[in-house]
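Undergrad: coordinates for the following, if possible.
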Amino acid sequence: MAQGSPQPSSSALRALALEYKSLQEEPVEGFRVKLANDENLFCWEVALFGPPHTLYEGGYFKAHLNFPSDYPYSPPTVKFLSKVWHPNVYENGDLCISILHAPIDDPQSGELPCERWNPTQNVRTILLSVISLLNEPNTFSPANVDASVMYRRWKESKGKDKEYENIIR
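TA: A predicted model of the protein is given here:
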């Protein structure tokens, strides 16, 4: 926990310990998790593997998953440590995905409240959503406008325009 952060709730510690144990005992294809520091359940290192039959196939991406002190009532954040060229990843590595947005009513976002975070989400659903996003970016609300434009051009050309593909490789 960062200095000055609120004390973690015992329910947050319990939820994270259970999720971590579950992911160690029953790993999910496509990613692996470990604690960034054995003393801190609130920061996880994630290894994501590019999904088969996508432009990211064969890729290995490292990210940090940081949990708030009131998890699961507030969403964690995902930040890629590896460079990722993707419409939904900011230049600094921060991931922009609906299920990690707080469940507030924000008509400007174009997201429905049901697409946003709720306490029934968990690390498994988050990481499966990230893998799905690698396969099918959301270009309606891009974090990286250039990648979004290139992706749409690549998609419309049915793969003939290679600029997007080349940058990913």
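
Undergrad: now the helices for the protein?
TA: Taking DSSP state H as the criterion, the chain contains helices spanning 10-25, 123-135, 145-156, 163-168.

Undergrad: how far out from the middle of the chain is the third one?
TA: Just to be clear, that refers to helix 145-156. 20 Å (C-alpha atoms, centre = their mean, to the nearest Å).

Undergrad: show me what that helix is in contact with.
TA: By C-beta atoms under 8 Å, 6 or more residues apart in numbering, the surrounding residues in contact with helix 145-156 are 85-87, 89, 137, 139, 142, 161-165, 167. Just so you know, the C-beta spots here come from the backbone N, C-alpha and C atoms, and that holds for glycine as well.

Undergrad: quick one on the thing from earlier: what's the closest of the helices of the chain to residue 43?
TA: helix 10-25 (10.2 Å; C-beta to C-beta).

Undergrad: what angle do that closest one and helix 123-135 make?
TA: 60 degrees (axes from the mean of the first three to the mean of the last three C-alpha atoms, to 10 degrees).

Undergrad: show me where pLDDT drops low in the chain?
TA: 1-8, 103-114 (pLDDT under 70).

Undergrad: report the beta-bridge partner residues of residue 45.
TA: Taking DSSP bridges as the rule, residue 45 bridges to residue 34, residue 64.

Undergrad: of the contacts of helix 145-156, grab the buried ones for ChimeraX.
TA: Burial among the contacts of helix 145-156 is assessed by 16 or more other C-beta atoms under 10 Å; the matching ChimeraX selection reads:
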select :85,86,87,89,137,142,164
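
Undergrad: on that earlier part again, pick the most buried one from the helices of the chain.
TA: helix 123-135 (a mean of 18; mean count of other C-beta atoms under 10 Å).

Undergrad: packing partners of it?
TA: helix 10-25, strand 31-37, strand 40-49, strand 60-66 (3 or more C-beta pairs under 8 Å, 6 or more residues apart in numbering; DSSP states H and E).

Undergrad: between those, which one is nearest to residue 124?
TA: helix 10-25 (6.8 Å).
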